[in-house]
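I need the structure of the sequence given here:
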Amino acid sequence: MCSSDLITFVAQGRHLRVTVKMPRFEQTYMSKQQFQRPTPVNLYLELLKSSLTDTLFNREPNADGSQDRFILDFAKHYIQGLAITMLPRCRLDNLEECVESVIQNKVPGDLIETGVWRGGATIFMRGVLKAYEVKDRTVWVADSFEGLPKPDEKECPLEVKAHAGPVMSKLFNHLAVGIEDVKKNFAAYGMADKQVRFLKGWFKDTLPSAPIKQLAVMRLDGDYYESTRDALQNLYHRLSPGGYVIIDDYGEKTWTYCRKAVDEFRKAQKIPGRLTRVDSKCYYWQKQK
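Numbering: from 1, shown residues only. Model (predicted):
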């Protein structure tokens, strides 16, 4: 089978259709592009997303299917697999668009993710900056690198139940990945440089004194109420007008109070407007100028 039988690129307006054909299946992705015709930057970022999500030759788990089937597929593809990020392709597309937007519109500030797992989303952030030859922004990688914190028993009973349950504690190991493993992933992708900085520890301890002057994109993936609240309280005032806040678990209702933390913060800060849906779980908003 020749290379043209494996991968084809077709420009369709402002979208690029990337079709990967294998003997037993075919996958098609649609992603927004800055230009009508594919460019080396576009193609590089699409390939980077495929590698980080381990979807070059594999399908990502179907979040809209059976919950039991999804958990098994999730564990196999992510926890036991080679993927460097748990984000579905559509969430990486959203992240790409947010980073490209602040670059193109010259919104000042760095990029941060709070809760990074194996580091895939922050590696992708650095990849976008490198692809556009941006040298005046830093990617902040914030995590305990010890797994999720134990939720408050009185305030967050759903989280306490999920945290102690067999899926989170045994199958997922509380999503713990050590900082050295994450740094190795950055190095493997050629992204370990001076524009990447790590913040190790619980958010309540590290974020208040973090040496971050301005942010342009903040992606929150701390899963729980306290982690989400701490990130918003300590980072939002540093977000430039025109910047973006992405909440990975805003749509989750059965095991986390992430949505409650966001809604309480937005109400207290009198933040106008609604959040924009990325998929059934992930939402974002742009800070008004």
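
packing partners of the lengthiest helix in the chain?
If you go by DSSP state H, the chain has its longest helix at helix 89-104. If contacts are counted by 3 or more C-beta pairs under 8 Å, 6 or more residues apart in numbering; DSSP states H and E, helix 89-104 sits against strand 26-32, helix 40-52, helix 120-131, strand 215-220, strand 239-247. C-beta here means a position set from N, CA and C on the backbone, and glycine is covered the same way.

now, of these, which is deepest in the fold?
strand 215-220 (a mean of 27; mean count of other C-beta atoms under 10 Å).

between it and helix 120-131, how big is the angle?
160 degrees (axes from the mean of the first three to the mean of the last three C-alpha atoms, to 10 degrees).

after strand 215-220, next one along is what?
Per DSSP states H and E, the first helix or strand lying C-terminal to strand 215-220 is helix 225-235.

what does that next one rub up against?
Contacts to helix 225-235, defined as C-beta atoms under 8 Å, 6 or more residues apart in numbering, come from residues 112, 114-115, 142, 148-149, 151-152, 155-156, 159, 202-204, 207-208, 210, 212, 215, 218, 220, 222, 245, 247, 249, 256-258, 260-262, 264-265.

mark which of these are buried, thanks.
112, 114-115, 142, 148-149, 151, 156, 159, 203, 207, 210, 212, 215, 218, 220, 222, 245, 247, 249, 256-258, 261-262, 265 (16 or more other C-beta atoms under 10 Å).

ok, the spatially closest residue to Phe74 that is not a sequence neighbour - contacts?
Leaving aside its chain neighbours, Phe74 sits nearest to Pro61 (4.8 Å; criterion: C-beta to C-beta, 6 or more residues apart in numbering). When contacts are counted by C-beta under 8 Å, 6+ apart, Pro61 touches Phe70, Asp73, Phe74, His77, Tyr78.

doesn't the fourth one lie inside a helix?
Going back to what we said before, that points to His77. Yes: assigned with DSSP: H, G, I helix; E, B strand; the rest coil, His77 falls within a helix.

where does the prediction get shaky in the stretch 101-250 of the chain?
Filtered on pLDDT under 70, the stretch 101-250 of the chain yields no residues whatsoever.

about what we covered before: between the helices and strands packed on helix 89-104, which one is nearest to Tyr189?
helix 120-131 (5.2 Å; C-beta to C-beta).

quick one, the closest one and helix 40-52 angle?
160 degrees.

in this protein, which residue is closest to the centre?
The centre of the chain sits closest to Ala121, judged by C-alpha atoms, centre = their mean, with a distance of 4.5 Å.

that residue touches Met218, doesn't it?
No: at 11.8 Å, Ala121 and Met218 do not qualify as touching, with contact defined as C-beta atoms under 8 Å.

any shared contact partners between these two?
Common neighbours of Ala121 and Met218 (C-beta under 8 Å, 6+ apart) are Glu113.

and the residue nearest to Ile84 when sequence neighbours are not counted, what does it touch?
With C-beta to C-beta, 6+ apart as the criterion, Ile84 has its nearest non-adjacent residue at 3.8 Å, and that residue is Gly120. Counting by C-beta under 8 Å, 6+ apart, Gly120 touches Leu52, Thr53, Ala83, Ile84, Thr85, Met86, Leu87, Asn185.

again, 7 Å this time
Leu52, Ile84, Thr85, Leu87 (C-beta atoms under 7 Å, 6 or more residues apart in numbering).

with Ala131 instead?
Neighbours of Ala131 in contact, by C-beta under 7 Å, 6+ apart: Val41, Tyr44, Leu45.
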